[in-house]
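> for reference, the sequence and a predicted model appear below.
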Amino acid sequence: MNKNKLLKPLLLIAVIILFCSVLARLFSESETLLEYAEKNPEIAYRKEEPDEAAGNKIENDTDHQMGYADSDIVDQEPLDDHSSSSAVEADKENRADGEDVQEPEKEELLMNGNPKRIVYQEGFYYEPLSDEMISRITGISYPIVEDEKDTLVIEAVNIAPSQEDIQISYEDLCYMSVLHYNFHGVERTGELICNKAIAQDLIEIFYELYQNEYQIEQIRLIDEYGGDDTLSMQDNNTSCFNYRVVDGTSNLSKHALGLAIDINPFFNPYVVYRNDGSTYISPQGSEAYTDRGKDFAYKIDENDLCYRLFKEHGFIWGGNWNSCKDYQHFQKVPN
């Protein structure tokens, strides 16, 4: 009895001691989740690694998504520029699939509706004058007879006494479209009217100049200058057909027959040495470029690619003439 009475207090004391020791341990050694994470980062922040196959799939999907986004963000090209590389790739894929893909030249021909168009390369072609083009040049670069001048909606600046006085017909001429690089190295579309007898020569020459990034400031029809050759030269415009006489004479120019072309004329002026010792230079303002011993940009000489190409195609260069020097001028008279 006395023994049992003694055990109960001892047991109670033991329980109290145990309880107190647990509380003491909790208060002295407890830590927050943040403290635990800081002490054990490899455990707290560990992520489950994906398997290799899953990783490859994620990487590939990301590449496809980025490629798709990049292909959507494409700068708009000018209307006169050509198909992009994506279009070329699409064309290759279509061919690989066995689809009947329309050739660019044929597609352009069908869209134009001119079965007589001759396509040399993409962006390089020539064709007979359309009715629209005939209306555009008549009375300006191409003469209109006196009796018909009042039928035009514009004021005629190029008038012939009669049809018999006009030494070339519309059928002898053709319209040409070419690509070239301007003085800023930017690709541009140029247009010319020339005699159909030299059309193939010109299209091949301009294609080679384009391939070599030879710079021509602009190639516009003389009609944009009201048929005024002086204004065209002062603007350094490259042009071909213009029914006119040789500057300072009454003789019909080879330009009137579409058999001559002037290239970068402001930097390659027309120089006449007169009998009285004076010199006539055209266009005005290009006097600094008459000294061909100097080295300057856009100069045509016998080392120039433009000169070499025209000579290879049988053209005569005005820079080789004696009584005058026409450094801009190339002409060819077919057999």
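In hand now; what should we look at? Keep in mind it's a predicted model, so treat the numbers as computed, not measured.
> quick one: residues contacting residue 284.
Going by Cβ atoms under 8 Å, 6 or more residues apart in numbering, residue 284 touches 230, 234. Just so you know, the C-beta spots here come from the backbone N, C-alpha and C atoms, and that holds for glycine as well.
> next one: it from residue 254, what distance?
Going from residue 284 to residue 254 by Cβ to Cβ, to the nearest Å gives 23 Å.
> cool, and residue 205?
According to Cβ to Cβ, residue 205 stands 16 Å off from residue 254.
> more neighbours: which of the two?
residue 205 (24 against 21; other Cβ atoms under 10 Å).
> contacting residues for the more buried one?
Going by Cβ under 8 Å, 6+ apart, residue 205 touches 309, 310, 313.
> just these now: which is nearest residue 150?
Nearest to residue 150 out of the contacts of residue 205 is residue 310 (Cβ to Cβ; 40.9 Å).
> mind checking the SS state of the residue lying closest to that closest one once chain neighbours are set aside?
For residue 310, ignoring the flanking residues on the chain, the nearest one in space by Cβ to Cβ, 6 or more residues apart in numbering is residue 330 at 4.4 Å. Here residue 330 is strand, with the state taken from DSSP: H, G, I helix; E, B strand; the rest coil.
> re the thing from before, by neighbours, which of the contacts of residue 205 wins?
In those, the most neighbours by other Cβ under 10 Å go to residue 310, 23 neighbours.
> then that one would be within a helix, right?
Yes: the assignment for residue 310 is a helix, going by three-state DSSP.
> hmm, it is touching residue 319, no?
No: using Cβ atoms under 8 Å, residue 310 makes no contact with residue 319, being 10.7 Å away.
> state the number of residues packed around the residue nearest to residue 310.
Using other Cβ under 10 Å, residue 330 has 28 neighbouring residues.
> next up, the contacts around residue 234.
By Cβ under 8 Å, 6+ apart, the residues touching residue 234 are 266, 283, 284, 285.
> closest to residue 239 out of the contacts of residue 205?
Of all these, residue 239 sits closest to residue 310, with 15.2 Å by Cβ to Cβ.
> and the closest one, how far from residue 238?
Using Cβ to Cβ, we find residue 310 at a distance of 13 Å from residue 238.
> now do residue 202
Distance from residue 202 to residue 238, by Cβ to Cβ: 11 Å.
> find residues that contact each of these two.
Listed contacts common to residue 202 and residue 238 are residue 261; contacts here mean Cβ under 8 Å, 6+ apart.
> these two: who's more crowded?
residue 202 (26 against 22).
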